[in-house]
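> this one's structure only:
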């Protein structure tokens, strides 16, 4: 069965290019992509997930406010009945060049299942997604 | 208020102003007369219009970084470092993304958390929250002209505050700070709001105070064909001039092919001057070249290669200033050291090329001709659908896809134009959407892309575009299939 993912850029972030490329790559990999675009609130991610009965939420953040924007997203998912929904995030997640393992730890602590550094190719996220959703290649 | 390209009356401006200054408590700290007094005392070496004019006369290219952090003290330290260690010629203050969306309450949270965390939790300086007083502290601590750089569709309060604080330049425009920076803001609104920002500068001009305005040239910074960005730069220049702006810097973002980039800058300056003259505006025009705005290599040494290439192009194109990238570009906001290193690499290249210009080979001449012809096709149609009114024309032209910016997030953008590089790395157009180009122009683009497709032994298509977007990050200009 085709899996559905919600894709979007969180907060006041308007970086649209990677979002368009990810949409295409995910669609080509067989996913039903619900792309809510740039500048999305946590509520927009959650509502889109509920409305489309999606299997995963894929968050992008390129502008450095990711830490503030994502805080409480896991808890809000829980409250909305999306317990254990897969949460991925990738991009330039913090302000400045920081040690990646610290950044990854911080975001995993916030409840993200997978955290990707800048410059990760779409294929890697897609491979993980297939694994986490139990899709055979 | 009815949208048209007409200078606002004083009544219209001051009526809107009451509301603007009430948008956040710091708005009450702006007093036009007192601000004018303050601005009159700005010395020449801290004035954007003065420094740009001097550079233009001397034929040199000035280097300006981007930089901004949340807290005043930290921001001052950052700017002083870029001034003293980085040898910047002009200073910026990059404004954070919450301010850009007028979300001042979230800025307060960001400020508080930055104080607690001991590092900036905002991606820029929240100038509205800091108010005139905070912004003056920054201005008084440095020795160079200061400009606000942002991406704000409604920058009315921000503009009031920064100008009152002695910042003599403001970046942005109704199209360039809306379509690439917002999702849901209508052009009717952003044009009116930027008319306000321009009228404010016009008012200061009428009081004898010269301020600089700079439409944001690169737009989405992603394979934007020169004629599209030039057409929009000229439109924003004309809209600003109508409101009384006299000192304008028009910009262009590096595409990467030397001939095309130099041609784009020359076409922009010449054609903008022609349009200003045609419509009767007296404008002091300068130019800005943006170093590569797309994806960067992670490796810092490789990033310096990209930075230096942009600097060389800026110098050869005779740009009045160049906006500098940093070796941390691929991972986000740079440290002050990385930022200074970017400026130094840039200035070294600029100094080596000082006075050198590219001769005019046939290829350059033809490229200039092509860009001007395309730009004119777009502008003629914008005026036509606006029945002679440029502001109305812009709204209609976006609705119809006559103006269409590749990869922009706005829902008011058609998003039908798809660019790709030709075999020499120049940006051409693969899908034209509703761009009003002649058949000859379209056929020419097509033939260049077919030449590349033959060379790469693959079909023209979206994969080419994706490869081109990723190419510079991987070390090449053209996204060939096997890199």
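That came through, no problem. Since we're looking at a predicted model, the values are computed, not measured.

> who's in contact with residue B:188?
Taking CB atoms under 8 Å, 6 or more residues apart in numbering or on different chains, we find residue B:188 in contact with B:3, B:395. Yep, even glycine has a C-beta here, placed from its N, CA and C like the rest.

> surely it is in a helix?
Yes. Membership of residue B:188 in a helix is supported by DSSP: H, G, I helix; E, B strand; the rest coil.

> show me which residues of chain B are close to chain A?
Neighbours of chain A within chain B, by CB under 8 Å from any CB of the partner chain: B:69, B:96-98, B:100-101, B:103, B:106, B:109-110, B:113, B:119-123, B:151, B:180-183, B:220, B:222, B:295, B:298, B:328, B:330-335, B:338, B:407-409, B:462, B:466, B:469, B:473.

> ok, residue B:317 - how many residues close by?
24 (other CB atoms under 10 Å in any protein chain shown).

> scratch that, residue B:12
Neighbours of residue B:12 (other CB under 10 Å): 16.

> ok, now residue B:439?
7.

> ok so, going back, restricted to buried residues, select the residues of chain B next to chain A in PyMOL.
Under the burial definition 16 or more other CB atoms under 10 Å in any protein chain shown, those of the residues of chain B next to chain A that qualify are selected in PyMOL by:
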select buried, chain B and resi 69+96+97+98+100+101+103+106+110+113+120+121+122+123+151+180+181+182+183+220+222+295+298+328+330+331+332+333+334+338+407+408+409+466+469+473
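
> point out where chain A drops to low pLDDT.
A:137 (pLDDT under 70).

> can you show me the strands along it?
A:4-10, A:32-40, A:56-61, A:86-91, A:114-116 (DSSP state E).

> got those strands as a markdown table, with distance to chain B and mean neighbour count columns?
Formatted as a markdown table, the strands of chain A follow (distance: least, CB to the nearest CB, whole Å; neighbours: other CB atoms under 10 Å in any protein chain shown):
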| stretch | distance to chain B | mean neighbour count |
| --- | --- | --- |
| strand A:4-10 | 8 | 24 |
| strand A:32-40 | 4 | 20 |
| strand A:56-61 | 10 | 25 |
| strand A:86-91 | 9 | 23 |
| strand A:114-116 | 13 | 21 |
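
> my guess is residue B:166 meets residue B:146, correct?
Yes. Between residue B:166 and residue B:146 a contact is recorded at 7.1 Å, counting by CB atoms under 8 Å.

> what do those two both touch?
Residues touching both residue B:166 and residue B:146 by CB under 8 Å, 6+ apart: B:46, B:139.

> if I pick residue B:301, what's in contact with it?
Counted by CB under 8 Å, 6+ apart, residue B:301 has contacts residue B:327.

> just give the closest residue to whatever residue of the stretch 101-250 of chain B ends up closest to chain A, not the sequence neighbours.
Across the stretch 101-250 of chain B, no residue is closer to chain A than residue B:123, which sits at 3.9 Å (CB to the nearest CB). Closest residue in space to residue B:123, ignoring its immediate chain neighbours: residue A:64 at 3.9 Å, by CB to CB, 6 or more residues apart in numbering or on different chains.

> so how far is residue B:122 from the one you found?
Distance of residue A:64 to residue B:122, computed by CB to CB, to the nearest Å: 8 Å.

> any residues in contact with both of those two?
Contact criterion CB under 8 Å, 6+ apart; residues shared by residue A:64 and residue B:122: A:95, B:97.

> of all the strands of chain A, which lies closest to residue B:272?
Taking CB to CB, strand A:32-40 is the member of the strands of chain A nearest to residue B:272, at 30.3 Å.

> that closest one packs against which elements?
Counting contacts by 3 or more CB pairs under 8 Å, 6 or more residues apart in numbering or on different chains; DSSP states H and E, strand A:32-40 packs against strand A:4-10, helix A:17-28, helix A:42-52.

> any chance of those in TSV, with distance to residue B:438 too?
Formatted as TSV, the helices and strands packed on strand A:32-40 follow (distance: least, CB to CB, whole Å):
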stretch	distance to residue B:438
strand A:4-10	37
helix A:17-28	29
helix A:42-52	42
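
> just those: most buried one?
Most buried of these, by mean neighbour count (mean count of other CB atoms under 10 Å in any protein chain shown): strand A:4-10, with a mean of 24.

> would you map the strands across chain B?
Using DSSP E, strands in chain B cover B:62-64, B:91-94, B:146-149, B:169-171, B:212-214, B:247-253, B:284-290, B:321-323, B:418-421, B:427-431.

> so what's the model's average confidence on the first one?
Mean pLDDT, computed over strand B:62-64, is 98.

> stretch B:167-183 too?
Averaged across stretch B:167-183, pLDDT comes to 98.

> need the contact list for whichever residue of the stretch 201-350 of chain B sits closest to chain A.
Proximity of the stretch 201-350 of chain B to chain A (CB to the nearest CB) peaks at residue B:332, 3.5 Å away. Contacts of residue B:332 were listed using CB under 8 Å, 6+ apart, and they are A:62-64, A:92, A:94-97, A:118.

> let's see it at 6 Å
By CB atoms under 6 Å, 6 or more residues apart in numbering or on different chains, the contact list for residue B:332 reads A:64, A:92.

> how far away is residue B:185 from residue B:317?
Noted for residue B:185: a distance of 32 Å to residue B:317, by CB to CB.

> cool, and residue B:166?
From residue B:166 across to residue B:317, the span is 31 Å (CB to CB).

> excluding residues flanking it in the chain, which one is nearest residue A:136?
Using CB to CB, 6+ apart, the closest residue to residue A:136 is residue A:130 (7.9 Å).

> isn't residue B:308 right next to residue B:348, touching?
No. At 7.9 Å, residue B:308 does not count as touching residue B:348 under the criterion of CB atoms under 6 Å.

> those two: who's more crowded?
Per other CB under 10 Å, whichever of residue B:308 and residue B:348 has more neighbours is residue B:308, with 18 against 13.

> domains for chain B, by residue range?
B:10-353, B:416-482 (the TED database).

> could you tell me the end-to-end distance of the first one?
Spelled out, it's domain B:10-353. End-to-end distance of domain B:10-353: 47 Å, with CA to CA, to the nearest Å as the criterion.

> residues contacting residue B:452?
B:422-423.

> and the pLDDT for it?
98.

> next one: residue B:345 from residue B:477, what distance?
Shown here: residue B:345 relative to residue B:477, a distance of 19 Å by CB to CB.

> neighbour-wise, which of these two wins?
Just comparing residue B:345 and residue B:477: by other CB under 10 Å the higher neighbour count belongs to residue B:345, 23 against 18.

> quick one, what contacts that one?
Neighbours of residue B:345 in contact, by CB under 6 Å, 6+ apart: B:304, B:307-308.

> give me the mean pLDDT for stretch B:460-469.
92.

> could you pull out the buried residues of that stretch?
So for stretch B:460-469, counting by 16+ other CB under 10 Å, buried means B:460, B:464-469.

> do stretch B:255-271 as well
Buried residues in stretch B:255-271, counted by 16+ other CB under 10 Å: B:255-269, B:271.

> and stretch B:290-308, by the same measure?
Across stretch B:290-308, burial judged by 16+ other CB under 10 Å covers B:290-298, B:300, B:302-304, B:306-308.

> residues near residue 41, how many?
No chain was given, so I picked chain A. Neighbour count of residue A:41, defined by other CB under 10 Å: 14.

> chain B is the one I meant
Residue neighbour count, defined by other CB under 10 Å, stands at 8 for residue B:41.

> ok, now the one 3 residues further on?
Counted with other CB under 10 Å, the neighbours of residue B:44 add up to 11.

> skipping adjacent residues, who's closest to it in space?
What sits nearest to residue B:44 in space, not counting adjacent residues and going by CB to CB, 6+ apart, is residue B:50, at 4.6 Å.

> how close does that neighbour sit to chain A?
33 Å (CB to the nearest CB, to the nearest Å).

> now do residue B:358
Residue B:358 sits 30 Å away from chain A, going by CB to the nearest CB.

> got the phi and psi for residue B:403?
The phi/psi pair for residue B:403 (degrees, to the nearest 10) reads phi -100, psi 130.

> need the pLDDT of the closest residue to it other than its chain neighbours.
In space, and not counting its chain neighbours, residue B:403 is closest to residue B:397: 4.3 Å by CB to CB, 6+ apart. The model reports residue B:397 with a pLDDT of 98.
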